[in-house]
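S.K.: Return atomic coordinates for the entry below.
(one chain, ligands or ions: 2)
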Amino acid sequence: MRTIMMKTLLAATAAMALPAAASAAITLGSVTPGTAVYSGPTPTYNFESPAPVTGGLVTNTSTGVRAQPFGSTGNYWTVGPADGSPGRLNLSSFGDISNISFIWGSVDAYNLLEFLDANDNVLASFTGSQIFNPANGSQTDPNLNPVVRFNLTNGSQSAFTTLRLSSTGDAFEVDNFAINAVPEPATWALMMIGFAAVGFGMRRRRPQMAPRFA
Ligand SMILES: [Ca+2]
Ligand SMILES: [Ca+2]
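M.R.: Numbers count the residues shown, from 1 in each chain. Ligands and ions are numbered 1, 2, ... in the order given. This next block holds a predicted model:
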């Protein structure tokens, strides 16, 4: 019985370890259908205050040109022939980044998202059709206004600096970017000191728990 459990445990551990070794550096982690009231990660940029972007920042919906993403409020960022394409979001001030999420509004097949390094080399790219198929630009379907999350691993965390959004048709509309930075070495050091302190406290307390007479 114990042997079977051990084997199962080993197999499960191996299965968990494999994808990390084989996977690409930047991957589409999740596509969560949008909600009328945004319920994703706390945004770093909701475009109500200045953000390091180039491209149109708007509040309105203009029929046939751009539409506010379902679940977005106030300003949003739009890229396309009418509003300028490509647009860029410069994230070089964050250091290493482990994941990014945002609302991808009215997903169109001709929307293109690219992850760039400091020299504008493309590290990874995703089209609207990879987010939902068919990517028909619906402004109300939650599946076509999802919160998308991208995960970065290994070297891509430090190489990545800029998101480039392009769209050959109107439009590529987004809001509520949540940027998760990898903890700085100083933060890790503080955490390790914290763990060490807890461990030390447990070791010191243990003798007092032993019976005094036996
Ligand atoms: Ca907003
Ligand atoms: Ca669109």
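S.K.: Flag every residue of the chain that's near ligand 2.
M.R.: Within the chain, the residues that sit near ligand 2 (C-beta under 5 Å from the ion) are 106, 108, 137. (Each C-beta comes from the backbone N, C-alpha and C, glycine too.)
S.K.: which of those lies closest to residue 167?
M.R.: residue 108 (6.9 Å; C-beta to C-beta).
S.K.: Just give the nearest non-adjacent residue to that closest one, would you?
M.R.: residue 137 (4.4 Å; C-beta to C-beta, 6 or more residues apart in numbering).
S.K.: Assess the claim that residue 43 and residue 147 are in contact.
M.R.: No: here residue 43 lies out of contact with residue 147, judged by C-beta atoms under 8 Å, at a distance of 10.4 Å.
S.K.: Between these two, which is the more surrounded one?
M.R.: Taking neighbours as other C-beta atoms under 10 Å, residue 43 and residue 147 compare with residue 147 leading, 23 against 18.
S.K.: Distance of that one relative to ligand 2?
M.R.: As judged by C-beta to the ion, to the nearest Å, residue 147 and ligand 2 stand 15 Å apart.
S.K.: can you tell me which residues contact the closest residue to that residue other than its chain neighbours?
M.R.: Of all residues not flanking residue 147 in the chain, residue 40 sits nearest, at 4.0 Å (C-beta to C-beta, 6+ apart). By C-beta atoms under 8 Å, 6 or more residues apart in numbering, residue 40 lies in contact with 32, 101, 103, 147, 176, 178.
S.K.: could you flag which of those are buried?
M.R.: For the contacts of residue 40, a burial check counting by 16 or more other C-beta atoms under 10 Å picks out 101, 103, 147, 176, 178.
S.K.: what's across from the third one in the sheet?
M.R.: The residues paired with residue 147 through beta bridges, assigned by DSSP bridges, are residue 32, residue 103.
S.K.: Return the residues in contact with it.
M.R.: Residue 147 touches 30-32, 34, 38, 40-41, 71, 101-104, 176, counting by C-beta under 8 Å, 6+ apart.
S.K.: Can you tell me which residue of this protein sits closest to ligand 2?
M.R.: The minimum distance from the chain to ligand 2, using C-beta to the ion, falls at residue 106 (3.4 Å).
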